[in-house]
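K.L.:
How does the following fold in three dimensions:
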Amino acid sequence: MHIVIVGGGGVGYELARNLSEKSQDVIVIEKNEVKARRFKEALDVMVIEDNGANAAVLEQADIRKADMLIAVTQVDEVNIIACMLAKQYNVPITVCRIRNSGYAGDASVLTPRQLGIDIVINPERVAAQEISKMLHFPDASEIEYFHHGKVMMLGVVVGSEADITGVPLRKLPINADAIIVGISDKEGKFIVPGGDDVIQPGNKIYLLGSSRTLKDISSLLHHEKTRVNHVSILGGGMIGRQLARLLENSKQQFTVKLIEKSEERCEELCRDLDKTLVVQGDATEIAMLKEEDTDWADAVIAATGDDRNNIVAALLARQFGVKKIICEVMKPQYVPVYKALGIDSVINPRLLAAAQIIRLIRKEDVVAYSILQDEKAEVEEIILPASARVAHKKIVDANLPRGMLIGSLVRDEEVIIPSGNTELMPGDHLVIFAIPKVSAKLDRYFAPADGKENREYLRNKLAHIEED
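P.N.:
The predicted structure is shown next:
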């Protein structure tokens, strides 16, 4: 697939890296020399140093042959113009990063489609939504929902006192409606486990199963049941503001305090938010956090826009005894630092944006797609077509590669944790867990036998996503 990315910032880099690793033909347009050089030195992609909101530049990127244009600069107007131009070249799918709700919200005069945009992405909004999910389910460090919430995946760090440590998985007293699909140790080694694998204290395990079963896993892990009522948000940027809005509108009653350094930004937030207490101050100063009674909080969200500030703020929050700490991570290279410090709940807006796009390039009929925080595995929900290689086969006869696991399926609205003897039927919603090096092979097993990667195929796929 020929993909043109306009914008070489953090989101553009994450997208280019993920897409190129999946053998896509990627061209990046970035006018900043320093940013452009980063792509040339680190990634196997073509780079054009120029303005992507220019027809002549797009033609240099072979826009007439492009299957997708992704515009993710920091300037909404540039992104919109790039998408409008791409549609003049008959590009099947245009993806646009828009931060200003005035361009894509309910109050907008023009719809995204009228602006030449097929899909709008807002990494900060998605990040806020992910944090909100964590606050509603604080026992997990990662959480994903599939099939309208019927299936849930949780990432949970196992304590030393948990009953499930030191025992082969096949002997664990886990409900039949749940399965452990992944294990990550403290050193970052990740496996898709078999029945003889053993969980050790400090491992992060990924459980997949029916939501009604996984909502009460605290007793199995010997976790103290955590409930979040009081939330402190450190940082009043896009993520902090949108998270505060979500919590204000939640059915669960949250008391929210937001600490922001900029006086001007605080004034904007006060006008924008109804129930949130906005406080001006530096979230990395101990005196400030003491003054604002940080130990009052059940959860602290470090979303300052700077990894180093987030790390300092998170460590201070831990000293105050806060039970749930969630950090925004801007640069993937900082993820090991968070892990070493014992901060298990991190949100990477750029990775979330990449997952939204990768869903479009898969040949399978993908309903939902996510990349784990440490990028050790991918999870996707697909609808099994009748002509797929594994349709009407038992899982044991499907010869799936090691590192790929069908964790659950939904058939006639019933959640099933399959065994080797489970027969896969057309129309089943499968939730598949796979490590990156084998995820590219999913289409061999689950894509339509006659599936072709062409422009009509992309348009049909876009239509299905819009129906969802």
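K.L.:
low pLDDT regions in the stretch 301-450 of the chain?
P.N.:
Applying pLDDT under 70 to the stretch 301-450 of the chain flags the ranges 363-364, 450.
K.L.:
Verify the stated contact: E49 with R38.
P.N.:
No - taking CB atoms under 8 Å as the contact criterion, E49 and R38 are not neighbours in contact, 11.8 Å apart. In short, each C-beta sits where N, CA and C put it, glycine included.
K.L.:
where along the stretch 251-400 of the chain do the helices fall?
P.N.:
Taking DSSP state H, counting those that start in this stretch as the criterion, the stretch 251-400 of the chain carries its helices at 263-272, 286-291, 307-319, 335-340, 349-361.
K.L.:
Quickly list the domain ranges of the protein.
P.N.:
Here the domain parsing of the chain from automatic domain parsing is 2-121, 139-221, 384-467.
K.L.:
Distance to E328 added to those domains, as CSV?
P.N.:
Putting those into CSV (distance: least, CB to CB, whole Å) gives the following:
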stretch, distance to E328
domain 2-121, 12
domain 139-221, 14
domain 384-467, 23
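K.L.:
Between these, which shows the greatest average number of neighbours?
P.N.:
domain 2-121 (a mean of 19; mean count of other CB atoms under 10 Å).
K.L.:
Would you mind checking the average pLDDT for it?
P.N.:
For domain 2-121, mean pLDDT is 90.
K.L.:
And it, end to end?
P.N.:
For domain 2-121, the first-to-last residue distance is 20 Å (CA to CA, to the nearest Å).
K.L.:
What of stretch 316-327?
P.N.:
Its start and end residues considered, stretch 316-327 measures 13 Å (CA to CA).
K.L.:
Can you pull out the residues in contact with that stretch?
P.N.:
Stretch 316-327 has contacts (CB atoms under 8 Å, 6 or more residues apart in numbering) with 131, 134-135, 138, 226, 228, 232, 234, 284, 286, 289, 294-295, 297-303, 310-311, 314, 338, 342-343, 345-347.
K.L.:
just to revisit the earlier point, so can I have TSV of the helices of the stretch 251-400 of the chain showing mean neighbour count and distance to H392?
P.N.:
TSV is the format used below for these (neighbours: other CB atoms under 10 Å; distance: least, CB to CB, whole Å):
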stretch	mean neighbour count	distance to H392
helix 263-272	14	54
helix 286-291	14	60
helix 307-319	20	49
helix 335-340	16	41
helix 349-361	22	26
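K.L.:
Using CSV, please lay out those together with distance to G166.
P.N.:
Compiled in CSV, these are given as follows (distance: least, CB to CB, whole Å):
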stretch, distance to G166
helix 263-272, 49
helix 286-291, 39
helix 307-319, 28
helix 335-340, 22
helix 349-361, 33
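K.L.:
can you tell which of those helices is closest to R64?
P.N.:
Closest to R64 of the helices of the stretch 251-400 of the chain, according to CB to CB: helix 349-361, at 19.2 Å.
K.L.:
ok, residues contacting that closest one?
P.N.:
Residues from elsewhere that reach helix 349-361 (CB under 8 Å, 6+ apart): 1, 3, 10-11, 13-15, 18-19, 22, 24, 68, 70, 72, 93, 95, 97, 119, 121, 123-124, 126-127, 130, 239, 328, 330, 332, 366, 368-371, 373, 375, 380, 458, 461-462, 465.
K.L.:
Please name the nearest non-neighbouring residue to the most centrally placed residue in the chain.
P.N.:
Residue closest to the mean C-alpha point of the chain, counted by CA atoms, centre = their mean, is L352 at 3.2 Å. Excluding the flanking residues, the one nearest L352 by CB to CB, 6 or more residues apart in numbering is V126, at 4.6 Å.
K.L.:
That neighbour: neighbouring residues, count only.
P.N.:
For V126, the count of nearby residues is 19 (other CB atoms under 10 Å).
K.L.:
returning to that earlier point: please determine how far the residue nearest to the centre of the chain is located from I239.
P.N.:
Summarising the geometry, the distance separating L352 from I239, computed by CB to CB, to the nearest Å, is 11 Å.
K.L.:
Please enumerate the shared neighbours of the two.
P.N.:
Common contacts of L352 and I239, defined by CB under 8 Å, 6+ apart, comprise A127.
K.L.:
Touching the helix or strand containing L58 from outside, list them.
P.N.:
Secondary-structure element containing L58, defined by DSSP states H and E: helix 55-60. With contact meaning CB under 8 Å, 6+ apart, helix 55-60 is reached by V4, I29, I48, D50, N51, G52, L69, A82, L85, A86, Q88, Y89.
K.L.:
Name the nearest of those residues relative to I435.
P.N.:
V4 (28.9 Å).
K.L.:
ok but I233 is inside a helix, no?
P.N.:
No - for I233, which was evaluated using DSSP: H, G, I helix; E, B strand; the rest coil, the result is strand, with no helix membership.
K.L.:
before we move on, the earlier item: just the buried members of the contacts of stretch 316-327?
P.N.:
Buried members of the contacts of stretch 316-327, scored by 16 or more other CB atoms under 10 Å, are 131, 134-135, 138, 228, 232, 234, 284, 289, 294, 297-303, 310-311, 314, 338, 343, 345-347.
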